[in-house]
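> using only what follows, build the 3D model:
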Amino acid sequence: MVRFENVFMRYDGGPVILRDVSFELEPGSFHFLTGGSGAGKSTLLRLMYLGARPVSGRVHLFDRDISKIRRSERPAMRRRVGVVFQDFRLIPHLSALDNVALPLRIAGTREALIREHVPELLAWVGLSGHLDALPATLSGGQQQRIAIARAVIGRPSLLLADEPTGNVDDRIAIRLLYLFEELNKMGTTVLIATHNESLVRRFDHPRLHLEGARLTRATVRGATVSAPAGAAARPG
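Residues are numbered from 1 along each chain as shown. Next up is the predicted model:
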């Protein structure tokens with residue numbers, strides 16, 4: 001599903017963000033991605049959804065080297081990846097329902113199916129009373145739940161979530177993790193970047209951990225990790 005080979009990443013000559021990072025994620029696996037602020041979690045996710053290319057090393061997505069994917073192929077590749085961005089990236093002039101429906105409409109889904117499934121999912125994340133609300137009228141936590149619903153509505157092959165529970169209370173956070181687990185049971189590979197150690201411990205999925213620009217620690221159920229010299233791969 002995903003393979004990193006000795007990936008090195010920095011932006012415009014700035015500090016090194018990822019150094020010699022190598023790992024594989026098996027199809028259907030579920031992992032947390034942990035590490036302190038600035039550890040490189042968002043950059044690692046960005047490489048996976050074709051938002052950037054590494055300075056050196058290789059990133060393979062769906063068994064394709066992303067550096068060799070033609071521009072014309074990128075939209076179809078991206079549609080296989082659901083992304084929950086830390087800053088939500090909702091379309092401000094679209095309602096909650098229309099924001100969530102957007103991936104389905106791009107994919108050509110029949111409107112009758114959209115009108116059936118989108119309200120069901122919004123009800124599941126606790127927003128049944130806000131179908132017609134514009135993002136600016138909603139709280140940060142409500143906007144986050146819309147962004148999550150939009151990311152999962154198309155049952156993507158790969159789901160990447162950057163701090164998806166950062167603006168919600170613990171009750172909603174647990175509910176959202178159950179949603180991610182249900183999607184995973186249907187075959188979606190899930191990677192969630194989070195600072196929330198209580199959630200990581202509660203759900204007990206394996207983790208990848210970034211520290212000092214390196215992948216320094218990982219549990220390996222569902223993943224293969226190649227630790228660089230001087231960095232041990234150990235259970236975490």
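> start to end distance for stretch 68-83?
22 Å (C-alpha to C-alpha, to the nearest Å).
> what is the mean pLDDT for that stretch?
Mean pLDDT, computed over stretch 68-83, is 91.
> tell me the centre residue of this structure?
In the chain, the residue lying closest to the centroid (C-alpha atoms, centre = their mean) is Leu160, at 1.1 Å.
> quick one: strands adjacent to the helix or strand harbouring that residue?
For Leu160, the enclosing helix or strand under DSSP states H and E is strand 158-162. Applying DSSP bridges, strand 158-162 is found paired with strand 81-84 (parallel), strand 189-193 (parallel).
> among the ones you listed, which is nearest Asp20?
Ranking the strands paired with strand 158-162 by proximity to Asp20 (C-beta to C-beta) places strand 189-193 first, at 19.6 Å. In this view, the C-beta of every residue, glycine as well, is placed from N, C-alpha and C.
> just the buried positions in whatever helix or strand comes next after that closest one, please.
Next helix or strand after strand 189-193 toward the C-terminus (DSSP H and E): helix 197-203. Neighbour-count burial for helix 197-203 flags Leu199, Val200 (criterion: 16 or more other C-beta atoms under 10 Å).
> then stretch 61-69?
Neighbour counts over stretch 61-69 (16+ other C-beta under 10 Å) mark Leu61, Ile66, Ile69 as buried.
> touching, the second one and His60? I think so.
Yes - here Ile66 reaches His60: they are 7.2 Å apart, a contact under C-beta atoms under 8 Å.
> domain map for the protein?
Split into domains by automatic domain parsing, the chain comes to 1-80+157-236, 92-155.
> average pLDDT for the last one, rounded please.
When the per-residue pLDDT values of domain 92-155 are averaged, the result is 93.
> what about it, distance to the chain center?
With C-alpha atoms, centre = their mean, to the nearest Å as the basis, domain 92-155 stands 17 Å off its chain's centre.
> quote the end-to-end distance of it.
First-to-last residue span, domain 92-155, C-alpha to C-alpha: 24 Å.
> quick one, strands of the protein?
Using DSSP state E, the strands of the chain run over residues 2-9, 18-25, 30-34, 56-61, 64-65, 81-84, 158-162, 189-193, 207-211, 214-218, 223-225.
> how about those strands in TSV, adding distance to Ile146?
Formatted as TSV, those follow (distance: least, C-beta to C-beta, whole Å):
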stretch	distance to Ile146
strand 2-9	26
strand 18-25	27
strand 30-34	23
strand 56-61	26
strand 64-65	30
strand 81-84	10
strand 158-162	14
strand 189-193	18
strand 207-211	27
strand 214-218	32
strand 223-225	30
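> Thr137 is nearest to which of the ones you listed?
Ranking those by their distance to Thr137 (criterion: C-beta to C-beta) puts strand 81-84 first, at 20.7 Å.
> identify all contacting residues around the closest one.
With C-beta atoms under 8 Å, 6 or more residues apart in numbering as the test, strand 81-84 has contacts from 45, 48-50, 61, 103, 144, 147-148, 151-152, 154, 156-162, 164, 188.
> can we see that at 7 Å?
By C-beta atoms under 7 Å, 6 or more residues apart in numbering, the residues outside strand 81-84 that reach it are 49, 147-148, 151-152, 154, 156, 158-162, 164.
> chain neighbours aside, what residue packs nearest to Gly57?
Distances taken as C-beta to C-beta, 6 or more residues apart in numbering place Val7 nearest to Gly57, at 3.7 Å, with adjacent residues excluded.
> same deal with His205?
His205 sits nearest to Phe30 (C-beta to C-beta, 6+ apart), 4.7 Å away.
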